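> 3D, please:
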Amino acid sequence: MNDITTKIIEVCLLAGKIMLQSGAETYRVEDTMMRIASAYGMPSSNSYVTPTGILFSTDSLSPAKIIRISERTTDLHKVSAVNNVSRMIGNQELNPSEAYHKLKDIECSSVQFSVPMRTAAAALASGCFTIMFQGQWVDFLPAILCGGAGYTAVSLFQRLVQVRFFSEFIASFIIGLLSLFLVYIGAGKELDKIIIGSVMPLVPGLAITNAIRDLMAGHLVSGLSKGADAFLTAFAIGAGVAVVFTLM
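Have a look, this model is predicted:
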């Protein structure tokens, strides 16, 4: 392969890697990679994407390239930024080298809100979810407190413990204990509404949505694996709350 072909492959793989790590659907990653390759004069490229890896080849003569994905998060801003670069490539506005440097800037950028800001948003959302699930206004502030404590716990334990789903289990356990305590002292009235509202920021809504969309697009392996991931996360949340009720 010449240098230009190598650079085009690097651009496609980097774009797919950023999107997959940022929470994009499998079919969207494959489509973006193939569109970029086609815009650079490689219409016969093929890509195979799973939640843990990307396999890409330009034609039957060139060796396939593979990238392993070990970390995944939710950063839809990066997904949108990669889509913008893909559109610029499709309009012939970027050569492979320029596109690669733009993608590298996107990969290294961090536009996430600070932990205190995300915790405050999760706390407020917990209170709103409690009201939405027909809770009483007296439970609004307890839900805010429990939701903030739960999100703080999940953020902390994700850094300290590498075991998957452990942080969600501990966070929901803390939410259950704190909710029970607040109801016991009379600060809240409906225990179930407080807990339901407080655990909502932990629910893997994006993973469930992506799993369904991948299944509908025919990506059975990715859809089932993402669905299993979401199910285990939801099970960990439910198990943490169930342990609290067991100890009552």
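> host element of residue 49?
Assigned by DSSP states H and E, residue 49 falls within strand 46-50.
> just residue 159 next, same as before
Using DSSP H and E, residue 159 falls within helix 140-160.
> Now do that helix: everything it contacts.
Contacts to helix 140-160, defined as C-beta atoms under 8 Å, 6 or more residues apart in numbering, come from residues 115, 118-120, 122-127, 129-131, 135, 166-168, 170-172, 174-175, 178-179, 182-183, 187-188, 193-195, 197-202. C-beta: built from backbone N, CA, C; applies to glycine.
> wait, what's in contact with residue 235?
By C-beta under 8 Å, 6+ apart, residue 235 lies in contact with residue 165.
> could you pull out the strands for the protein?
Assigned strands in the chain, in chain order: 46-50, 53-57, 65-68 (criterion: DSSP state E).
> residue contacts, the residue lying closest to residue 226 once chain neighbours are set aside?
Nearest residue to residue 226, sequence neighbours excluded (C-beta to C-beta, 6 or more residues apart in numbering): residue 211, at 3.9 Å. With contacts defined as C-beta under 8 Å, 6+ apart, residue 211 is in contact with 222, 223, 224, 226, 227, 229, 230.
> again with residue 202
The contact partners of residue 202, by C-beta under 8 Å, 6+ apart, come to 150, 151, 154, 168, 171, 172, 233, 237.
> Also residue 66?
Contacts of residue 66 were listed using C-beta under 8 Å, 6+ apart, and they are 53, 54, 55, 56.
> which residues does the third one bridge with?
Read that as residue 55. Listed beta-bridge partners, residue 55: residue 48, residue 66 (assigned using DSSP bridges).
> my read: it touches residue 33, true?
No: judged on C-beta atoms under 8 Å, residue 55 makes no contact with residue 33 at a distance of 10.4 Å.
> which neighbours do the two share?
Contact with both residue 55 and residue 33 is made by residues 47, 49, according to C-beta under 8 Å, 6+ apart.
> about what we covered before: quick check on the contacts of residue 211: which are buried?
With burial judged by 16 or more other C-beta atoms under 10 Å, the buried subset of these is 222, 223, 226, 227, 229, 230.
> for the chain, what are the low-confidence residue spans?
Under the criterion pLDDT under 70, the flagged ranges of the chain are 1-2, 60-61, 111.
> Quickly list the domain ranges of it.
In terms of domains, the chain is parsed into 3-108, 115-247 (source: automatic domain parsing).
> Quick one: end-to-end distance for the last one.
Translated: domain 115-247. Criterion C-alpha to C-alpha, to the nearest Å; first-to-last residue distance in domain 115-247 is 31 Å.
> Could I get the contacting residues of the spatially most central residue of the chain?
Of all residues in the chain, the one closest to the mean position by C-alpha atoms, centre = their mean is residue 74, 3.2 Å from it. In this structure, residue 74 makes contact with 22, 23, 206, judged by C-beta under 8 Å, 6+ apart.
> Quick check on residue 55 and residue 33: which one has the bigger neighbour count.
A direct count of neighbours by other C-beta atoms under 10 Å for residue 55 and residue 33 places residue 33 higher, at 26 against 15.
> what's the burial count for residue 168?
Applying other C-beta under 10 Å, I find that residue 168 has 27 neighbouring residues.
> right, and it touches residue 237 too?
Yes: when contacts are counted by C-beta under 8 Å, residue 168 is listed as touching residue 237 (5.2 Å).
> Which stretches in this protein count as helices?
In the chain, the segments counted as helices under DSSP state H are 3-21, 26-39, 76-90, 96-108, 115-132, 140-160, 166-184, 191-199, 205-216, 220-247.
> Show me what counts as buried in the third one.
By neighbour count on 16+ other C-beta under 10 Å, the buried set for helix 76-90 is 78, 79, 81, 82, 83, 85, 86, 89.
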